[in-house]
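# Please work out how this folds:
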Amino acid sequence: MGAQPVCPKPAPEVVAALCARFGDEARLAVLKMLAAKAESNVDIESPKPAQSASAVPSSPVVEGKDAAPKSPAAAVTTPTSMSPLPPGPSAPPQPTGPVADPAFTDSEIKTLSEPVPFAAWGPLHERALAYMRWRRDSAVASDASLAPSPEAAADMRLWRFVVAKNFDCPGAAEMYIGMLRWRRDAGMDKFRGEVLEANSGFFIDGAALLQTVLPCERDRKVMAAQPRMFTLEVEGGHQLLRDRSGNVVYIECPGTLDYPAILAIGDADYAAAACFSQELQMLVLDELSRRTGRLVLMLRVMDMSGINMFGFGKSRAEKDGEKLAKEATRPFADAYPTTTYKNFLINLPAANAAGPIVKAFVPARSAKKMVLLGGKFHEELHKEVDPSNLPQKLGGVLDDGIQWRKKK
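Residues are numbered from 1 along each chain as shown. Just a heads-up that it's a prediction; the model follows:
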């Protein structure tokens, strides 16, 4: 691998003061500003971090009664002097120069593979994260347009990439930087802003309910064509469906997708709705992880009833709509890794015979999380999810909605 870019070195006292008060987000803002100024050779005397719509700490913390109130909408300002600052969130140690590849042994990887609360993260975790932070900061220093949102910069998000690459940190860093490029090119910060604005009670005020999952007509049209659920509409908002371990439950019935309707919606609107939905789900997982002090994942239930696995008899509109949907969502697997706890594929025709075939078409890390079942799925599914968080079609008590509608 070629020489790694090195972060610029602003005045240590400036970085120390900013990190002490505002955490790692402030440091990233300083680096972004330095990179932007470097080309014009402008002297830097009093750097100011960019304003942010959110303030998620780089190191995940557990909320409690003594936790400082969140104020993601607050503007971040730079102190005019280096006088003592009010107490603020503590930032993790920051690398001041190139950080070596941790190159974990098999024994160390086995230890790191065990899911533990953030509070139990130790020196091995810090070795991986120190490398990831340095690679992230170096990328931002080289190209200010890659500056991540606070959530995308946080340790818990970095860790998802490390896990996805089986603790190959250089590979994880390349994957992460690729995500930053994709977010910039796809304008994902715009969708992040839409999510936070539509659900400020949940993300800013710490409410238990989301305010909305379908804020505009674009999203409602896609939901009608591609119904799925991970919330229950209740008085006051949308309650997240959770499994017995606290992971989010997501339910979809691919056999009822209306691909001609997706085609009619069009590339731009479908892609925008898909990006909004994916960003919402990721930010929900980040927020729940921050609240609970552990990495929260998603348990997906895919009812395979009526699915045409081999494409026989599909119309041109169905094929084109399916292609549109796949192309629009293709980047998500690499941009949002390590979000899945388990994938339940139920009502799978000839599950025992189809299992090896299905698993052959997915990455190894995904295949390990797949549970392939036929019509007798209830016992296994209910071990993971209480019926109170499942629709009646899955042996639960909730309304089925439109997911199991008859295809036209």
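# rest of the way, CA atoms for contacts and neighbours
OK.
# R294 falls within a helix, correct?
No: secondary structure of R294, determined by DSSP: H, G, I helix; E, B strand; the rest coil: coil, with no helix assignment.
# Now do the contacts for M188.
C275, E279 (CA atoms under 8 Å, 6 or more residues apart in numbering).
# Swap in 6 Å and give it another go.
By CA atoms under 6 Å, 6 or more residues apart in numbering, the contact list for M188 is empty.
# pLDDT score for it?
pLDDT, M188: 97.
# Equivalent analysis for the one 10 residues further on, please.
Confidence per residue is given as pLDDT, and for A198 that number is 96.
# Next: T256.
Value for T256, per-residue pLDDT: 88.
# how about the strands in the protein?
Residue ranges of the strands in the chain, as given by DSSP state E, are 228-229, 231-234, 237-240, 248-252, 298-303, 340-346, 370-372.
# Tell me the strands beside the last one, with direction?
For strand 370-372, sheet partners with direction are given as strand 340-346 (parallel), following DSSP bridges.
# where does this structure have low pLDDT?
1-96, 309-311, 350-365, 406-408 (pLDDT under 70).
# domain assignment for it?
12-62+97-186, 190-394 (automatic domain parsing).
# Mean neighbour count for those domains - can I get that in TSV?
Putting the domains of the chain into TSV (neighbours: other CA atoms under 10 Å) gives the following:
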stretch	mean neighbour count
domain 12-62+97-186	19
domain 190-394	17
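# and these as a markdown table, adding distance to R405?
Listed next are the domains of the chain as a markdown table, based on distance: least, CA to CA, whole Å:
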| stretch | distance to R405 |
| --- | --- |
| domain 12-62+97-186 | 33 |
| domain 190-394 | 7 |
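# I'd like the strands of the chain laid out as JSON lines, including distance to L209.
Listed next are the strands of the chain as JSON lines, based on distance: least, CA to CA, whole Å:
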{"stretch": "strand 228-229", "distance to L209": "15"}
{"stretch": "strand 231-234", "distance to L209": "9"}
{"stretch": "strand 237-240", "distance to L209": "5"}
{"stretch": "strand 248-252", "distance to L209": "13"}
{"stretch": "strand 298-303", "distance to L209": "17"}
{"stretch": "strand 340-346", "distance to L209": "22"}
{"stretch": "strand 370-372", "distance to L209": "29"}
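# right, and these - which one's nearest E174?
Checking these against E174 by CA to CA gives strand 340-346 as the closest, at 20.9 Å.
# which residues are in contact with the closest one?
Here strand 340-346 makes contact (CA under 6 Å, 6+ apart) with 297-304, 369-374.
# any chance of those in TSV, with distance to P391 too?
Listed next are those as TSV, based on distance: CA to CA, whole Å:
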residue	distance to P391
L297	20
M298	17
L299	15
R300	14
V301	11
M302	13
D303	12
M304	15
K369	22
M370	21
V371	19
L372	19
L373	18
G374	18
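# How much space separates L288 from M188?
According to CA to CA, to the nearest Å, L288 and M188 sit 21 Å apart.
# Over to P331?
P331 is 12 Å from M188, by CA to CA.
# can you check L124 too?
L124 is 32 Å from M188, by CA to CA.
# Same question for G374.
On the measure of CA to CA, G374 and M188 end up 38 Å apart.
# And for P349?
In terms of CA to CA, P349 sits 38 Å off from M188.
# for G321, same thing?
Taking CA to CA, one finds G321 at 23 Å from M188.
# and what of D101?
29 Å.
# for T111, same thing?
The spacing between T111 and M188, counted by CA to CA, is 34 Å.
# just to revisit the earlier point, of the strands of the chain, which is nearest D143?
Closest among those, once you apply CA to CA, is strand 340-346, at 31.0 Å.
# Determine which residue lies closest to the centroid of this structure.
M282 (3.1 Å; CA atoms, centre = their mean).
# For it, give me its contacts.
M282 touches nothing, counting by CA under 6 Å, 6+ apart.
# before we move on, what about F161?
Taking CA under 6 Å, 6+ apart as the criterion, F161 is in contact with A172.
# Please apply the same query to R220.
L214.
# roughly how far apart are it and T339?
Applying CA to CA to R220 and T339 gives a distance of 24 Å.
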